[in-house]
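A.B. asks: here's my sequence, what's the structure:
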Amino acid sequence: MKKLKHVGLISLLILLFCFYLNTELTSQISRTNLFQSNFSVKKFDISSTNLDIAPWYNPVLSGHYTIDSASQTLLLVKTTEQSFIAADANVLILMVLTSPKNIIIFFSCILLLAVYLKKQSRKQNHKHKLSQLNQQANKLLESFNLDVESAQNPNGISNLSKSITTLNMHVANYVKQTQTSICQDKLTQLIDRHAYIEHIGRHINQTGQKKLTCALLFIDLDGFKQVNDSFGHSFGDEILVQVATRLANVLRHHKLSNINSTNQLEQNLSRLGGDEFSIFIESLDESDKVVDIAKQVLSELEKDFVLGNKIVKISASIGIATYPESASTPQALLQLADVAMYRAKSDGKGIFKVYSPEMGNKMRRYHYLLEELRLAIACKDFYLSFQPIVHVEDCMIDYFEALTRWNHPVEGMISPAEFIPIAEESNLILELGDWIMLESCRQMAAWHNAGMRKVKISVNISGIQLKHRDIYGWITKTLKSTGLPATSLMLEVTESTFIQASTRIIDELSKLREDGVTIAIDDFGTGFSSLSTLADLPIDVIKIDRSFITQANKSKKYNDILNTISELGQRLGLKIVAEGVEEIAQFELVKKLGVSSVQGYLVSRPESSINVGNKVLRNNNANLSASGSSAWEISK
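C.D. replies: Numbering: from 1, shown residues only. Okay, the predicted model is just below:
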């Protein structure tokens, strides 16, 4: 259709040009001077010559008379009374075409026609490309399942504009969703640690120029692990969502919000991971502002969490670090706030602490010992000492407690009270505990074969080991590999660990007890457990914490508590052991209360295996062979 249009336009132009030539030809003939003509003319007698009108289809000669000749067409130029004067039509037409004016007009027309054709070609190419772009846009729309209302011309610019607008909106939404997905915690919808640190970094760069003060709160939930263990992770997840909501309310209350314009996320509140959250205060206009915020956070998180028909109570420990006083980078600010949070936990939980350099020294000490502990475990730089527990009546050895000692090549002796908590927090207690159990059973197997058949070895088990080890399989395998009878092993589990123990752990301890392993509850009286639970626990021995022994002769209340524990243990058929007996008066008191065995410096300090061998095996062979045990000589 478009080609026909172009052909018709060109034909019309040619026809117009021909009519123009016709007009110019008529003008040329009227201006011709036959006497000074530069072309030849011929005369024809009027009476014998026929004139013909030019055919209608010849627009150049239209309206002119022609005289046919054998070899050429002659065009009537002039008529006289006797003759017709004619000239060669081709010569006349050529004269018209070659005139300067007509040459200019001709080439101008050719040029205009060329320009027009080129423009039409470009327009056609443009339409073709536009059509291709529309097709590509339609394919993109189909791939994204997007619908666009079609324009009147599906290949036109209007349709392409609509498609591009729709695609731009989709891309903008996709970019927003992608940025949100990358930096957003999926559970709480808060920004994650990475995006949070980036935001703090950007703000600190601005703050450095304005010399303002910022602060960061590191918030860790207290008791959240127990919630997960008791009610399941889905229940714990709901708690985390509610915590995020309450912290967001604190931000709004104190006008601390900073919403990102791109992803519309709050930038001053983050879930760092697990049950850890953080609030960033961009400007501390008042010195007490951060304290007020920390207090409100504690107050909000201490309120009841209601999920269905359950009410849960938790609290939080908060560490605070300020910029630039505490640190000058986001990572350091977060790390030091974390250090302050750990101090808050160690000082009682449910409180906040502001970072001080002294806390940093403690943390450096922690990490130093952690690395040294890894190396010591790999190199087996530990050794065991053995503290005897004796019967009150005759000082016969009941059992030995295996105690781990670490003689550091630089630090010297490092207290178990310092390195055992580090081992438990880092899970290094698993590897260290395997070594302790194996060496304890191996040593006791040697003593058992030497005659101490009624003496047990006692090994402390941490909550970490109970949680991560198949306790029954682990102990059974160790006993089998060392050849130690199950009746010669005692496991000591602290009261607080028993309180948190799962059903699986209780069942495994019960199976060990059925096999002959003795189970003792250590540090009894410090875990705030109900005395009625003693009847349900798989235990044989109660070890009364040394704090009760120390205070029993000074306080009637402690004396009464000690007496109650002793009576309860006797009624339940449990052996009672008093820890920390260091004075004769304490020894006499526990003996009077019916405590069966004692442990402490009054009886003996922890001894090496060589000293135990010298005291028991070499000097009391007769007693050992007869009774399977021996009296322990108490040093005076």
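
A.B. asks: tell me which element S604 falls in.
C.D. replies: For S604, there is no host helix or strand (DSSP states H and E).

A.B. asks: number of nearby residues for the closest residue in space to it that isn't next to it in sequence?
C.D. replies: Among residues not flanking S604 along the chain, P388 sits closest, at 5.2 Å (CB to CB, 6 or more residues apart in numbering). For the C-beta atoms, the positions are set from N, CA and C on the backbone; glycine is no exception. For P388, the neighbour count with other CB atoms under 10 Å is 26.

A.B. asks: from the chain's centroid, how far away is the longest helix seen in the chain?
C.D. replies: Criterion DSSP state H: the longest helix present in the chain is helix 100-143. Helix 100-143 has its C-alpha centroid displaced from the chain centroid by 56 Å (CA atoms, centre = their mean, to the nearest Å).

A.B. asks: for that helix, name the packing helices and strands.
C.D. replies: Where contact means 3 or more CB pairs under 8 Å, 6 or more residues apart in numbering; DSSP states H and E, helix 100-143 is packed against helix 2-31, helix 89-97, helix 157-183.

A.B. asks: okay, S625: pLDDT?
C.D. replies: Looking at S625, its pLDDT stands at 60.

A.B. asks: please disregard the earlier target; I meant E492.
C.D. replies: 94.

A.B. asks: can you pull the contacts of it?
C.D. replies: Shown in contact with E492 (CB atoms under 8 Å, 6 or more residues apart in numbering): E401, S458, V459, N460, I461, A520, I521, D522, K543.

A.B. asks: just these: which are in strands?
C.D. replies: E401, S458, V459, N460, I461, A520, I521, D522, K543 (DSSP state E).

A.B. asks: tell me how far E300 lies from D381.
C.D. replies: 47 Å (CB to CB, to the nearest Å).

A.B. asks: look up how far I505 lies from the closest residue to V493 other than its chain neighbours.
C.D. replies: Excluding the flanking residues, the one nearest V493 by CB to CB, 6+ apart is I461, at 5.4 Å. According to CB to CB, I461 stands 10 Å off from I505.

A.B. asks: again with I471
C.D. replies: Taking CB to CB as the measure, I471 falls 7 Å from I505.

A.B. asks: circling back: can you classify the residue nearest to S604 by secondary structure?
C.D. replies: Secondary structure, DSSP: H, G, I helix; E, B strand; the rest coil: P388 is strand.

A.B. asks: pLDDT value on it, please?
C.D. replies: At P388, the pLDDT value in this model is 94.

A.B. asks: beta partners of it?
C.D. replies: P388 has the following beta-bridge partners by DSSP bridges: F400.

A.B. asks: need the contact list for S566.
C.D. replies: Neighbouring residues of S566 by CB under 8 Å, 6+ apart: I576, L593, G594, V595.

A.B. asks: what is the nearest of those to T66?
C.D. replies: Minimum distance to T66 across those is 148.2 Å, recorded for I576 (CB to CB).

A.B. asks: what's the neighbour count on the closest one?
C.D. replies: The number of residues packed near I576 is 24, by other CB under 10 Å.

A.B. asks: can I assume it sits in a helix?
C.D. replies: No. The assignment for I576, made by three-state DSSP, is strand rather than a helix.

A.B. asks: got a list of what it touches?
C.D. replies: Contacts for I576 (CB under 8 Å, 6+ apart) come out as V541, I542, I544, I565, S566, G569, Q570, G594, V595, S596, S597.

A.B. asks: what of S555?
C.D. replies: Shown in contact with S555 (CB under 8 Å, 6+ apart): no residues.

A.B. asks: got a pLDDT number for it?
C.D. replies: Reported pLDDT at S555 in the predicted model: 80.

A.B. asks: same check on S317?
C.D. replies: Looking at S317, its pLDDT is 95.

A.B. asks: residue nearest the centroid of the chain?
C.D. replies: In the chain, the residue lying closest to the centroid (CA atoms, centre = their mean) is D192, at 5.7 Å.

A.B. asks: list the contacts of the nearest residue to that one once chain neighbours are set aside.
C.D. replies: Distance criterion CB to CB, 6+ apart; nearest residue to D192, sequence neighbours excluded, is D185 at 5.1 Å. Neighbouring residues of D185 by CB under 8 Å, 6+ apart: I191, D192, S270, R271.

A.B. asks: state the distance from the second one to Q184.
C.D. replies: Here D192 is placed at a distance of 7 Å from Q184 (CB to CB).

A.B. asks: same deal with the first one?
C.D. replies: Relative to Q184, I191 is positioned 6 Å away (criterion: CB to CB).

A.B. asks: low-confidence ranges in the stretch 151-300 of the chain?
C.D. replies: 151-156, 171-172, 174-182, 207-210 (pLDDT under 70).

A.B. asks: at 80 instead, please
C.D. replies: Low-confidence segments of the stretch 151-300 of the chain, defined by pLDDT under 80: 151-183, 206-212, 229-230, 261-263, 285-287.

A.B. asks: and the helices in it?
C.D. replies: Assigned by DSSP state H, counting those that start in this stretch, the helices in the stretch 151-300 of the chain fall at 157-183, 193-210, 224-231, 233-253, 289-302.

A.B. asks: nearest to V354, of those helices?
C.D. replies: Nearest to V354 among the helices of the stretch 151-300 of the chain is helix 289-302 (8.0 Å), distances taken as CB to CB.

A.B. asks: which helices and strands sit right next to the closest one?
C.D. replies: Counting by 3+ CB pairs under 8 Å, 6+ apart, helix 289-302 packs on strand 214-222, helix 233-253, strand 276-281, strand 315-323, strand 352-354.

A.B. asks: mind running it again at 6 Å?
C.D. replies: When contacts are defined as 3 or more CB pairs under 6 Å, 6 or more residues apart in numbering; DSSP states H and E, helix 289-302 packs onto helix 233-253, strand 315-323.

A.B. asks: ranking the ones you listed by burial, who's on top?
C.D. replies: Most buried of the helices and strands packed on helix 289-302, by mean neighbour count (mean count of other CB atoms under 10 Å): strand 315-323, with a mean of 24.

A.B. asks: and the angle for that strand with helix 224-231?
C.D. replies: 150 degrees (axes from the mean of the first three to the mean of the last three CA atoms, to 10 degrees).

A.B. asks: residues making contact with strand 315-323?
C.D. replies: 214-222, 290, 294, 301-302, 333, 336-337, 340-341, 344-345, 349-350, 352-355 (CB atoms under 6 Å, 6 or more residues apart in numbering).

A.B. asks: which secondary element of this structure has the worst mean pLDDT?
C.D. replies: Least confident helix or strand of the chain, by mean pLDDT, DSSP states H and E, is helix 621-627 with a mean of 62.

A.B. asks: can you tell me the closest non-neighbouring residue to I293?
C.D. replies: Distance criterion CB to CB, 6+ apart; nearest residue to I293, sequence neighbours excluded, is H254 at 5.7 Å.

A.B. asks: for I279, see how far away the one you found is.
C.D. replies: Applying CB to CB to H254 and I279 gives a distance of 9 Å.

A.B. asks: now L92, nearest residue through space, not along the chain?
C.D. replies: L92's closest residue in space is L75 (CB to CB, 6+ apart), at 5.6 Å.
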